[in-house]
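Quick one, what's the 3D model for this:
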Amino acid sequence: MTIPFLSFVSLKDRTFLSRQLATMIGSGIPLVEALKVLLLQTRNPVVKQALVEIVHDIESGLSFSSAIDRQPKIFSKIYVAVSRSGEASGRLEDVLLQLADNIEKENSMAGKVRGAMIYPAFIMTAMVGVAMLMMVRVMPQLRAIFSESNLELPITTRILLITSDFMVKYWWLVIILMVGAVVGLGAYIKTPTGTLLLNHLQVRLPANLGEDLYMSRFTRTMSMLVKAGLPIIQALEITSQVMNNKIYQASLIQAQADVGRGLPLSVTLSQNRYYPKIVTQMILVGEQTGRLDQLLEKLAIYYENELDTKVKGISTLIEPLIIVILGIGVAFLVISVLMPIYNLTQLQ
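Down below sits the predicted model:
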């Protein structure tokens, strides 16, 4: 039985497989022998089992692309399609290196966006935790002190005391509400309406981070597929499956249908507001000059650089913003807690 935690196949595992396999094939090692070497090197039990099955399938007469197509947990459809094209053209080594580069860039771009969000999320979580600890531990003790005096308390202090009383008396209800909110939000996001709302929010991230991320993914994937020799319609179908956003998936499915009717890709995408003009114009030039894969790759580099610059800028702005928020919190604490205590000591 496979342990779920150990059955995870990371992007690092996929990149290692592609790059090592390409290196060994480029060195003249037969494909099956190269796979057996990888089998000895890998420690992930899922990858190891998949390699055993791939070697068996190839030795039974299947092609490499057909064998990895039977391992969907590790190899995506884009991976299979590009590998099949590489086999047909005799460029399997080149396309495997290209796939490894693509996986690394995808992971890097997504990681930069996640990294920009982790720091503020951690600070906000810590602030909420401290606030709750103050409500259930500190404020009840202060209430006993304030109740013995006739001191007029500020409105903020009275609000804190009321909130503290509620949390101490109905702590079980607070826990139920918090857990219910998390579970309810998770369930809502899984609904079609919730998923669509989440996808809209992802596209509308500050400083167009979402748009840049999805455009870099779209152009990078399309460039790789077109360069591998896949027809535009098939490239659009595969790309729509890796976008992880219903808005862009629907737009690419529509583009696939329009291209099938003879409409140029640049025209159908220009009718969709989620594709910037620079993308549709570059695609138009690529269609006219026959260099669509090269111009898509240039667009991917452009959006990756834009995303990198914006993430660095946002990370720089986040620190002073958090300092301001903490300052407001400290000021609120001084007004609500420390000032009444100071006034009380002055009366004694």
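
Give me the distance from stretch 192-205 to the chain's centre.
The chain centroid and the centroid of stretch 192-205 are separated by 13 Å under CA atoms, centre = their mean, to the nearest Å.

And the contacts of that stretch?
With CB atoms under 8 Å, 6 or more residues apart in numbering as the test, stretch 192-205 has contacts from V113, A187, Y188, I189, G210, E211, L213, Y214, N245, K246, I247, Y274. The C-beta positions use only the backbone N, C-alpha and C, and glycine is treated the same way.

just the buried members of those?
By the neighbour-count criterion of 16 or more other CB atoms under 10 Å, the contacts of stretch 192-205 include these buried positions: V113, G210, E211, L213, Y214, N245, I247, Y274.

Reformat the residues you listed as CSV; add distance to M222.
Putting those into CSV (distance: CB to CB, whole Å) gives the following:
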residue, distance to M222
V113, 20
G210, 18
E211, 16
L213, 15
Y214, 12
N245, 15
I247, 17
Y274, 15
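
Report the separation between the nearest residue to A187 once chain neighbours are set aside and Y188.
Leaving aside its sequence neighbours, A187 sits nearest to G194 (CB to CB, 6 or more residues apart in numbering; 8.0 Å). Between G194 and Y188 the distance is 4 Å, computed by CB to CB, to the nearest Å.

And for A116?
In this structure, A116 and Y188 are separated by 25 Å, where distance is defined by CB to CB.

where are the low-confidence patches of the chain?
In the prediction, the chain carries residues with pLDDT under 70 at positions 1-8, 150, 346-348.

residue nearest the centroid of it?
The centroid of the chain falls nearest to A110 when counting by CA atoms, centre = their mean (4.8 Å).

Do a quick rundown of the helices in the stretch 151-300 of the chain.
155-169, 171-190, 192-203, 209-227, 232-242, 246-260, 265-270, 277-289, 292-333 (DSSP state H, counting those that start in this stretch).

mind listing what's buried in the third one?
Looking back up the chat, that one is helix 192-203. Judged by neighbour count using 16+ other CB under 10 Å, the buried positions of helix 192-203 are N199, Q202, V203.

Same question for the second one.
Of the residues in helix 171-190, those scored as buried under the neighbour-count criterion (16+ other CB under 10 Å) are V174.

Tell me the gap between that helix and the middle of its chain.
Helix 171-190 has its C-alpha centroid displaced from the chain centroid by 23 Å (CA atoms, centre = their mean).

tell me the angle it makes with helix 192-203.
Interaxial angle of helix 171-190 relative to helix 192-203 (axes from the mean of the first three to the mean of the last three CA atoms, to 10 degrees): 80 degrees.

Output helix 171-190 as PDB - backbone C-alpha positions only.
The C-alpha coordinates for helix 171-190 follow below in PDB (Å, rounded to 0.1, in the frame of the first residue of the first chain):
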ATOM      1  CA  TRP A 171     -15.900  30.200  23.000                       C
ATOM      2  CA  TRP A 172     -17.500  27.000  21.600                       C
ATOM      3  CA  LEU A 173     -19.700  29.100  19.400                       C
ATOM      4  CA  VAL A 174     -16.700  31.100  18.200                       C
ATOM      5  CA  ILE A 175     -14.900  27.900  17.300                       C
ATOM      6  CA  ILE A 176     -18.000  26.500  15.500                       C
ATOM      7  CA  LEU A 177     -18.400  29.800  13.500                       C
ATOM      8  CA  MET A 178     -14.700  29.800  12.500                       C
ATOM      9  CA  VAL A 179     -14.600  26.200  11.500                       C
ATOM     10  CA  GLY A 180     -18.000  26.600   9.700                       C
ATOM     11  CA  ALA A 181     -16.700  29.600   7.800                       C
ATOM     12  CA  VAL A 182     -13.600  27.700   6.600                       C
ATOM     13  CA  VAL A 183     -15.500  24.600   5.700                       C
ATOM     14  CA  GLY A 184     -18.300  26.600   4.000                       C
ATOM     15  CA  LEU A 185     -15.800  28.700   2.000                       C
ATOM     16  CA  GLY A 186     -14.000  25.600   0.900                       C
ATOM     17  CA  ALA A 187     -17.300  24.000  -0.200                       C
ATOM     18  CA  TYR A 188     -18.400  27.100  -2.000                       C
ATOM     19  CA  ILE A 189     -15.100  27.400  -3.900                       C
ATOM     20  CA  LYS A 190     -15.700  23.900  -5.200                       C
END
